[in-house]
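Asks: 3D model of this:
(one chain, ligands or ions: 2)
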Amino acid sequence: MGKSVNPDLAKARSQATFDPANLTNYLYGGPEKLRRKRYLPAFVFKELCTEMSLTDLCLIFLGLLTHVSDYLGLTLSIENMAAKEYKEEGFKSTDDMSREEAYEESMRRAVYTNKRVLQLNLQDQEEQYYFREIFVPGANPFALHYVMFKDAINTQGTEDQIQKWLPLAETYAVTGTYAQTELGHGTFLRGLETTAEYDVQREEFILNTPTITSSKFWPGALGKTANVAILNAKLITKGRNCGMQSFWVPLRHLETHQPLPGITVGDIGPKFGYHTSDNGFLQLNRVRIPRENMLMRYSKVLQDGTFVPPENDRLVYVPMTQFRFVVIGRSGWTLAKAVTVATRYSAVRRQSEITPGGGEVQILDFQTQQHKLFTQIASAYAMIIAAKAAKDLYDSAFSKMEKGNLEDLPMLHALTSSMKAFNTWEMATGVEQCRMACGGHGYLLASGIPQMYTDMVSACTYEGENTVMCLQAARFLNKCQEAANKGERLPQLTRFLQTSRLNISSSLDQDVDLNDIIAAYEFRAATVISEANARLNAGLAMGKSQSEAWNYASQLLVKAALAFSHWFTVRALIENMRGAGFDNSTETLLLQLAKLYALDGMLRYSGDFRKVG
Ligand SMILES: CCCCCCCC/C=C\CCCCC/C=C/C(=O)SCCNC(=O)CCNC(=O)[C@H](O)C(C)(C)COP(=O)(O)OP(=O)(O)OC[C@H]1O[C@@H](n2cnc3c(N)ncnc32)[C@H](O)[C@@H]1OP(=O)(O)O
Ligand SMILES: Cc1cc2nc3c(=O)[nH]c(=O)nc-3n(C[C@H](O)[C@H](O)[C@H](O)COP(=O)(O)OP(=O)(O)OC[C@H]3O[C@@H](n4cnc5c(N)ncnc54)[C@H](O)[C@@H]3O)c2cc1C
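Replies: Ligands and ions are numbered 1, 2, ... in the order given. All right, here's what the predicted structure looks like:
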């Protein structure tokens, strides 16, 4: 039964000057990926939420047969208990539930999707994400398990440890979390107090949270869900502090789910959002784990307690860098969802007149409404496309790192840090703009936008608080500027510091040239980075220490990191739009969108652009 589409919406869509399928295929990585993305949720949704006759199921099964090449491994369990159980209970919105009830509902759905992902043999991370997103739209209690827990095993564990632990995680024999942050420290990792002292007699680590501030605090799934943690603690062996290392720490009994001896664990209470994620606290009272439970891919503790340091002590941070890429990518998609809701609403909402007596118009006809939304549509495209460009850089650098070549690690850390801050701040501002563009109805939970905001704005804080991440990126950019000042060779990504010149050919009465736009953003970034470096050196010239001068210049250093990210985003958007092989009408539209994004950015940061001429 076809759904009737609002005539205003249908009219707006009919006026498109391009074929949306071209864009959708591009955004999702091609028609094959798009089909699978659409098919999986539809398949399971139908399985779940409608009374299905055997005929229905056979039709679905026949439908599947046309994709037999894709779904060979698919086992259609018609009598699947989970499906039956779900059909009886169906979907319940969590909007009106207590936090406890909402968690339980999300857990019920998440457990269901975990079962189906295994039964459908879905290996692809993206497909798993699409699948889960339909059924657990808010924070998923297993989020840490799916991402950081498994990533930490894969990137920090030895091959033996991966062989031993990953199957347990993949089959949900254990449910994990990533426990690093403490009540007293989230940003300053060198301040973490939890200890892991090596007992050479028994070849065990003794884990301890010696103070209230050392209590692990915030990790997702710690409150109720997880029974194992990848826990970061200060390793002490032979009386020496060997820095932060990662450990596999059982938290709860695998059968009874009760906390194990020496473990005090629970939920940290209500939050601004992410209500269905049980962020928790953990105290360890001299809990013993075997030596083999330290993740020893990069650093080791030998039986006699000898510490073998990693080739680079930053490698322990790789799971955070990896997850920052997830955040960078999902920020654009979060904004895309919010602006889709707001744009559709603006096509069907009629309010006020433009011409007196002319009748109420679609609010999308107001130029102010178009400015609110079209700039956010452009921003969503820019973030999604820049994230793809950053990921390509990451993948090539990571493959070198896996072969032991760590030369790109500083650039990678700077790129992930600055882009994570830039994208999540832009996403937060954009989602809120979309909410307000819907008037009162945007304030209803039923619009979906408030939860997008309250859940996702936490990404400005977790995985590295944004200001701190900008300062991290600025360390790298400042080093590059110092090298540029000395005429030294720079990493490819920052060579513009030496080459950028402001030779703009466009004049105000012409249609702006895209190359001039890239040049303007490049020159703005180079100027702001150079200014931050000059302020740092001015601080040193005033007799300040390196760290005092750094603090003295820190506001400009943050701006430098954001200007760098903005340039990276504009360049990626324009270069990818030009090179994507679209038909003329689609490419024309997308380049118009890229110009809108870039020119809107110049207006929002007009101080920078005016200053650089
Ligand atoms: C809208 C988006 C939504 C996304 C949704 C995704 C789908 C849903 C899935 C999950 C739901 C969300 C779950 C949330 C999970 C959250 C988890 C966490 O938050 S885990 C904890 C995260 N914590 C941090 O990030 C801590 C941040 N702090 C640090 O990293 C460090 O303390 C520091 C700030 C970097 C400082 O480091 P340090 O004190 O060691 O010294 P520095 O002198 O600053 O640095 C020394 C040198 O080391 C280099 N460095 C530092 N870090 C790294 C790194 N990661 N990689 C490489 N190199 C690094 C640094 O550059 C210095 O080098 P030099 O400059 O000296 O050469
Ligand atoms: C929803 C959510 C989920 C989370 N999930 C997890 C998880 O699963 N596992 C986990 O380990 N952690 C998790 N965290 C914790 C998160 O990683 C920390 O909150 C984050 O690292 C920030 O640390 P903090 O809270 O101590 O803030 P702080 O670092 O105390 O930040 C407070 C203020 O101090 C400023 N500041 C701090 N250091 C500097 C500096 N050097 N220079 C300038 N300004 C500075 C910051 O900019 C900020 O304005 C989660 C947090 C949230 C909100």
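Asks: which sections of this protein are below the confidence cut-off?
Replies: For the chain, applying pLDDT under 70 flags the ranges 1-2, 45, 47-91, 507-509.
Asks: Point out the residues in it that sit beside ligand 1.
Replies: Proximity of the chain to ligand 1 (CB under 6 Å from any ligand atom) is limited to residues 143, 147-148, 178, 180-181, 187-190, 220, 314, 317, 320-321, 326-327, 330-331, 334, 409-410, 413, 424, 427, 456, 459, 462-464, 468, 472, 475. C-betas here are computed from N, CA, C, even on glycine.
Asks: Near ligand 2, list only the ones from the residues you listed.
Replies: When CB under 6 Å from any ligand atom is applied, the members of the residues of the chain next to ligand 1 adjacent to ligand 2 are 178, 180, 181, 187, 220, 462, 464, 468.
Asks: any chance of those residues in TSV, plus distance to residue 281?
Replies: TSV is the format used below for these (distance: CB to CB, whole Å):
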residue	distance to residue 281
178	15
180	13
181	10
187	18
220	12
462	16
464	21
468	22
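Asks: Give the burial count for the residue of the stretch 51-200 of the chain found nearest ligand 2, as a bare number.
Replies: Here the stretch 51-200 of the chain gets closest to ligand 2 at one residue, residue 186, 2.2 Å apart by CB to the nearest ligand atom. Neighbourhood size, residue 186 [other CB atoms under 10 Å]: 18.
Asks: Next up, identify which helix or strand it is on.
Replies: In this structure, residue 186 is located outside every helix and strand according to DSSP states H and E.
Asks: Check residue 234 too.
Replies: Counting by DSSP H and E, the element that carries residue 234 is strand 228-237.
Asks: How about that strand and ligand 2, touching?
Replies: No: counting by CB under 6 Å from any ligand atom, ligand 2 is not contacted by strand 228-237; separation bottoms out at 7.6 Å.
Asks: isn't residue 553 right next to residue 541, touching?
Replies: No: the pair formed by residue 553 and residue 541 falls short of the contact definition of CB atoms under 8 Å, at 11.9 Å.
Asks: residues in contact with the closest residue to residue 157 other than its chain neighbours?
Replies: Ranked by CB to CB, 6 or more residues apart in numbering and with sequence neighbours excluded, the top spatial neighbour of residue 157 is residue 295, at 4.9 Å. Contact analysis of residue 295 by CB atoms under 8 Å, 6 or more residues apart in numbering lists 152, 153, 156, 157, 158, 161, 230, 245, 246, 247, 248.
Asks: Please apply the same query to residue 288.
Replies: When contacts are counted by CB under 8 Å, 6+ apart, residue 288 touches 199, 202, 204, 205, 206, 207, 262.
Asks: measure the residue of the stretch 51-200 of the chain closest to ligand 2 to residue 147 for me?
Replies: Residue 186 sits 18 Å away from residue 147, taking CB to CB, to the nearest Å as the criterion.
Asks: do residue 504 as well
Replies: Residue 504 sits at a distance of 43 Å from residue 147 (criterion: CB to CB).
Asks: swap in residue 402?
Replies: Taking CB to CB as the measure, residue 402 and residue 147 are separated by 19 Å.
Asks: dump the residue contacts of the residue of the stretch 51-200 of the chain closest to ligand 2.
Replies: For residue 186, the residues meeting the contact criterion (CB under 8 Å, 6+ apart) are 218, 465.
Asks: so what's the backbone phi/psi at it?
Replies: Note on residue 186: its backbone torsions stand at phi -120, psi -50 [degrees, to the nearest 10].
Asks: can I get the CA coordinates of the helix or strand following the strand holding residue 234 in PDB?
Replies: Using DSSP H and E, the helix or strand that follows strand 228-237 towards the C-terminus is strand 240-250. Once non-C-alpha atoms are left out, strand 240-250 reads as follows in PDB (Å, rounded to 0.1, in the frame of the first residue of the first chain):
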ATOM      1  CA  ARG A 240      58.800   1.900  38.200                       C
ATOM      2  CA  ASN A 241      55.800   3.800  36.700                       C
ATOM      3  CA  CYS A 242      55.800   2.600  33.100                       C
ATOM      4  CA  GLY A 243      52.900   4.800  32.000                       C
ATOM      5  CA  MET A 244      49.400   4.000  30.800                       C
ATOM      6  CA  GLN A 245      48.700   0.500  29.500                       C
ATOM      7  CA  SER A 246      45.600  -1.400  28.600                       C
ATOM      8  CA  PHE A 247      44.200  -4.500  30.400                       C
ATOM      9  CA  TRP A 248      41.400  -7.000  29.900                       C
ATOM     10  CA  VAL A 249      39.600  -6.800  33.300                       C
ATOM     11  CA  PRO A 250      36.600  -9.100  34.100                       C
END
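Asks: Counting neighbours, go ahead and name the busier of residue 402 and residue 147.
Replies: For residue 402 and residue 147, the more surrounded residue by other CB under 10 Å is residue 147, and the numbers stand at 20 against 9.
Asks: ok, for residue 165, nearest residue in space, not its chain neighbours?
Replies: Excluding its sequence neighbours, the residue lying closest to residue 165 (CB to CB, 6+ apart) is residue 153, at 5.2 Å.
Asks: May I have the residues that are in contact with that neighbour?
Replies: 161, 162, 165, 166, 169, 230, 248, 295.
Asks: Among those residues, name the buried ones.
Replies: With neighbours counted by 16 or more other CB atoms under 10 Å, the contacts of residue 153 contain buried members at 161, 162, 165, 169, 230, 248, 295.
Asks: and the gap between the fifth one and residue 154?
Replies: Here residue 230 is placed at a distance of 11 Å from residue 154 (CB to CB).
Asks: One more: the first one?
Replies: Residue 161 is 10 Å from residue 154, where distance means CB to CB.
Asks: Equivalent analysis for the fourth one, please.
Replies: In this structure, residue 169 and residue 154 are separated by 10 Å, where distance is defined by CB to CB.
Asks: Ligand 2 contacts on the chain?
Replies: Applying CB under 6 Å from any ligand atom, one finds that the chain approaches ligand 2 through 144, 178-181, 185-187, 218-220, 274, 279, 458, 461-462, 464-465, 467-468, 471.
Asks: Show me the helices in the stretch 501-613 of the chain, by range?
Replies: Counting by DSSP state H, counting those that start in this stretch, the segments of the stretch 501-613 of the chain that form helices are 514-541, 546-552, 554-578, 584-604, 606-611.
Asks: For residue 291, which of the ones you listed is the nearest?
Replies: With CB to CB, the closest approach to residue 291 among those belongs to helix 546-552: 37.2 Å.
Asks: Let me see the contact set for the residue of the stretch 1-150 of the chain found nearest ligand 1.
Replies: Of all residues in the stretch 1-150 of the chain, residue 143 sits closest to ligand 1, at 3.5 Å by CB to the nearest ligand atom. Going by CB under 8 Å, 6+ apart, residue 143 touches 220, 221, 277.
Asks: Could you rerun that using 7 Å?
Replies: Under the criterion of CB atoms under 7 Å, 6 or more residues apart in numbering, the contact list for residue 143 reads 220, 277.
Asks: number of nearby residues for the residue lying closest to residue 599 once chain neighbours are set aside?
Replies: Ranked by CB to CB, 6+ apart and with sequence neighbours excluded, the top spatial neighbour of residue 599 is residue 512, at 7.1 Å. As a burial measure, residue 512 scores 17 neighbours (other CB under 10 Å).
Asks: Okay, residue 512 and residue 579: tell me how far apart.
Replies: For residue 512, the distance to residue 579 equals 19 Å [CB to CB].
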